[in-house]
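K.L.:
just coords:
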């Protein structure tokens with residue numbers, strides 16, 4: 001028996017576990033389906049290339065066949081360990097545009113405007129450059145400048161400015177447009193996930209229990225009130241009971257899946273899977289949004305890239321020693337070192353394109369190993385505010401089965417998403433054709449020639465585009481008939497149940513989603529603390545015996 005049971009030890013779950021357990025009068029249990037984050041490749045930034053392939057630390061989801069992407073099934077990697085995708089992402093720290101949060105508030109979600117959420121971004125942050133009006137210092141989330149960016153990344157920034165984009169040294173202020181180097185969630189050249197920054201220091205608290213390899217199977221109820229979570233661990237069925245609340249932080253794919261498995265969702269879909277209806281909420285699993293991404297790739301005429309080359313393999317031993325002793329060099333590489341934000345048309349009020357520059361040849365998330373061999377560089381471009389909407393559905397009533405993912409990319413009736421992608425490819429090519437790249441520019445590998453007309457570029461996008469790992473929206477916040485949670489993140493019509501992760505975003509933010517997810521959890525922890533009333537654990541403050549913790553640092 002605990003006061004709070006958190007399902008999912010990803011970025012949001014780690015924040016919630018740390019913040020709620022600050023109060024010694026409450027007990028908190030964190031359930032994580034994956035193992036502890038002890039594998040060394042988690043903490044070495046360059047290890048993310050391996051993390052993409054791991055069958056233990058990655059859920060390795062796939063979409064259904066995408067009809068507007070030539071029927072391809074896209075690979076959707078999601079972290080499966082303490083820290084979740086924050087333990088396997090590219091560590092880029094971006095918040096989105098301030099107007100993204102004002103748009104959330106304009107939908108009726110009071111308290112979620114940019115001015116409302118900025119204090120939570122700042123509270124979470126330890127900005128190594130120091131605190132100011134937009135950045136915090138002393139928080140658990142370490143934000144650092146890159147220690148060893150590649151010369152090609154510096155060239156990209158120069159080329160972007162030459163192509164007409166402004167230089168922007170900080171994407172996390174009110175002005176987002178421009179190119180520059182990304183700040184990263186690292187400390188001393190090591191990955192600094194939410195498992196390290198938040199959960200690690202909290203693990204010594206006697207009122208926090210962390211149970212790894214615990215796969216949640218359903219939410220438990222007494223009437224309309226949530227009372228706990230059933231899960232399986234090492235072949236055994238177990239339960240974690242909650243006096244106060246169950247908090248779902250399983251992410252945009254698995255939070256709606258667990259709600260549906262527990263009888264909360266669209267009545268017709270649940271009936272078709274033989275699941276008894278507890279609450280008809282047709283929006284569960286709907287409103288799925290993701291950033292679609294496609295890359296322009298060149299070979300490089302000089303031996304300076306970070307690709308798989310004999311030169312780089314020969315240097316690996318020296319670079320690893322340098323990494324261990326100085327926290328610098330090739331092993332600190334985050335992949336997408338540089339990037340920026342741009343407009344697909346002069347009429348766009350704010351940037352609707354994002355660039356990620358890689359000083360290596362990259363295809364299919366690095367899963368295409370042959371493509372990585374040789375010197376080269378890649379410029380990713382994605383549509384920041386897609387109009388298309390997808391859906392998460394149950395494949396079966398088996399909680400161990402992955403859900404169906406219908407991303408429904410490029411499905412907006414007016415074709416704005418495809419237009420934006422095509423214009424983004426044109427702008428990316430313009431940047432890579434700028435004079436600063438003249439000493440390095442080799443053959444263009446993607447798009448394959450010839451590819452110059454809009455029709456050819458549309459075909460290129462359909463054949464090569466993929467996710468940039470930002471699914472959100474499937475338990476959206478709001479008060480309309482398709483909303484799943486209210487502005488306090490409480491599930492409509494159910495007592496003692498909240499969703500706290502990227503699935504509550506009503507609209508996708510214009511940037512990477514890790515920092516916004518941390519902000520959501522920071523704000524949610526304050527809302528929960530503010531609502532907490534005297535209860536059983538305070539009447540009898542003795543902490544009950546708790547199972548051995550898994551994942552202690």
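P.N.:
Great, that's in hand. The model shown is predicted, which means the values in this text are computed figures rather than measured ones. Numbering: from 1, shown residues only.

K.L.:
quick one: residues contacting the closest residue to residue 305 other than its chain neighbours.
P.N.:
Nearest residue to residue 305 in three dimensions, chain neighbours excluded: residue 375, at 4.3 Å (C-beta to C-beta, 6 or more residues apart in numbering). Glycine gets a C-beta too; all of them are placed from N, C-alpha and C. Counting by C-beta atoms under 8 Å, 6 or more residues apart in numbering, residue 375 touches 299, 300, 301, 302, 303, 304, 305, 307, 309, 361, 442.

K.L.:
ok, now which ones touch the residue nearest to residue 83 when sequence neighbours are not counted?
P.N.:
Spatial nearest neighbour of residue 83, chain neighbours left out: residue 195 (3.3 Å); criterion: C-beta to C-beta, 6+ apart. By C-beta under 8 Å, 6+ apart, the contact list for residue 195 reads 9, 14, 37, 81, 82, 83, 86, 87.

K.L.:
of these, which is the nearest to residue 217?
P.N.:
Comparing the contacts of residue 195 against residue 217 with C-beta to C-beta places residue 9 closest, at 16.2 Å.

K.L.:
now do the closest one against residue 243, distance only.
P.N.:
Using C-beta to C-beta, to the nearest Å, one gets 21 Å for the distance from residue 9 to residue 243.

K.L.:
ok, residue 343 next?
P.N.:
51 Å.

K.L.:
now residue 441
P.N.:
With distances taken as C-beta to C-beta, residue 441 is found 63 Å from residue 243.

K.L.:
who has more neighbours, these two?
P.N.:
Shown here are residue 441 and residue 243; by other C-beta atoms under 10 Å, residue 441 has more neighbours (20 against 17).

K.L.:
and the more buried one, backbone torsions?
P.N.:
Main-chain dihedrals, residue 441, degrees, to the nearest 10: phi -70, psi 120.

K.L.:
how about the one 5 residues further on?
P.N.:
The phi/psi pair for residue 446 (degrees, to the nearest 10) reads phi -140, psi 130.

K.L.:
just give the nearest non-adjacent residue to it, would you?
P.N.:
residue 297 (4.1 Å).

K.L.:
isn't the one you found right next to residue 376, touching?
P.N.:
Yes. Counting by C-beta atoms under 8 Å, residue 297 does reach residue 376; the two are 6.3 Å apart.

K.L.:
which neighbours do these two have in common?
P.N.:
Counting by C-beta under 8 Å, 6+ apart, the contacts common to residue 297 and residue 376 are 361, 445.

K.L.:
please say which of those two ends up with more neighbours.
P.N.:
Neighbours of residue 297 and residue 376, each counted by other C-beta under 10 Å, are more numerous for residue 376; the result is 26 against 23.

K.L.:
and the nearest residue to that one once chain neighbours are set aside, what pLDDT?
P.N.:
Leaving aside its sequence neighbours, residue 376 sits nearest to residue 361 (C-beta to C-beta, 6+ apart; 3.5 Å). Note on residue 361: pLDDT of 92.

K.L.:
in what helix or strand does residue 219 lie?
P.N.:
strand 215-222 (DSSP states H and E).

K.L.:
check which residues of that strand are buried.
P.N.:
For strand 215-222, burial by neighbour count (16 or more other C-beta atoms under 10 Å) applies to 215, 216, 217, 218, 219, 220, 221.
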